[in-house]
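Chemist: this is a predicted model, with the sequence first.
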Amino acid sequence: MKIPVVYSEDFYTDYDTVDCESPDRISSIYFKIVDIAEIIEPDLCTIEDLKLCHSDELIDSVKKKDELYYVAKKSAGGAIKAAQIALERPSFALIRPPGHHAGYNFNGGFCFFNNMAIAIKKLLKEGKINSALIVDIDLHYGNGTYDIVKNDERIRFKNIDAYPRGNFMRDLRDALEEAADFDIVGCSAGFDTYIKDWGALLTTEDFKTIGYLFASSNPNLFSILEGGYYIPDLGLNVRAFLEGIMEACS
Ligand SMILES: [Zn+2]
């Protein structure tokens with residue numbers, strides 16, 4: 001069994017951003033997971049998709065940078081594709097730029113458009129789902145996602161940020177307790193909680209457990225890459241996460 005991974009060589013584009021959010025993030029993951037991945041190329045998202053979550057003003061500000069605008073639309077398109085696949089089976093979007101710090105009328109933290117919120121809002125609009133649970137496991141609070149979904153009763157947003165490690169895993173289990181009640185679960189998968197990354201919290205084995213917990217609580221699961229900056233082990237951690245998902249579904 002292979003896991004659907006939405007990926008494009010466009011994510012190697014060296015658009016204008018901070019040094020740590022580099023194209024190497026994508027290659028370091030790709031080569032560690034390619035043997036267990038069924039690679040799927042995403043489409044660009046449309047302006048209408050962007051408008052589901054963002055103001056014209058914010059969209060126009062990204063549009064001024066051609067290269068970035070293109071990749072950011074591809075990244076959001078990747079999240080959409082992963083969400084569509086998740087209606088059948090769990091998927092992962094290996095995408096950049098990340099999205100969870102992009103709100104309705106602001107962006108920052110290496111994020112430009114909110115990939116997760118765009119994917120969920122699109123499926124809701126198309127009537128493919130009626131409810132969604134978003135769980136953000138990145139080290140940083142998904143302030144952009146919260147900003148966009150906070151008044152939408154169809155979407156529940158949970159952010160896991162507990163310390164130490166035992167509390168993190170406990171809070172995650174709690175967050176997933178009612179996951180089966182939702183039509184889809186979206187995981188904002190940041191790997192910057194890793195023990196050698198900025199968060200200094202979780203092990204590679206923990207990411208496997210996390211993947212297992214997500215997929216066993218609701219197989220209509222899509223996960224999208226957010227943070228994760230410790231390049232030497234980033235691919236291993238994503239692989240562990242995917243193996244956890246696959247184990248839950250086997
Ligand atoms: Zn982060």
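Modeler: Noted; the coordinates are in hand.

Chemist: so which elements touch the helix or strand where A72 lies?
Modeler: Element membership for A72 (DSSP states H and E) is helix 66-86. If you count contacts as 3 or more C-beta pairs under 8 Å, 6 or more residues apart in numbering; DSSP states H and E, helix 66-86 packs onto strand 3-6, helix 47-51, helix 56-63, strand 91-93, helix 115-125, strand 184-189, strand 221-225. In this view, the C-beta of every residue, glycine as well, is placed from N, C-alpha and C.

Chemist: dump these into JSON lines; add mean neighbour count and mean pLDDT as well.
Modeler: Below are these laid out as JSON lines (neighbours: other C-beta atoms under 10 Å; pLDDT from 0 to 100):
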{"stretch": "strand 3-6", "mean neighbour count": "23", "mean pLDDT": "98"}
{"stretch": "helix 47-51", "mean neighbour count": "15", "mean pLDDT": "98"}
{"stretch": "helix 56-63", "mean neighbour count": "15", "mean pLDDT": "98"}
{"stretch": "strand 91-93", "mean neighbour count": "29", "mean pLDDT": "99"}
{"stretch": "helix 115-125", "mean neighbour count": "26", "mean pLDDT": "98"}
{"stretch": "strand 184-189", "mean neighbour count": "27", "mean pLDDT": "98"}
{"stretch": "strand 221-225", "mean neighbour count": "29", "mean pLDDT": "98"}
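
Chemist: between those, which one is nearest to A83?
Modeler: Among those, helix 115-125 comes nearest to A83, with 3.9 Å by C-beta to C-beta.
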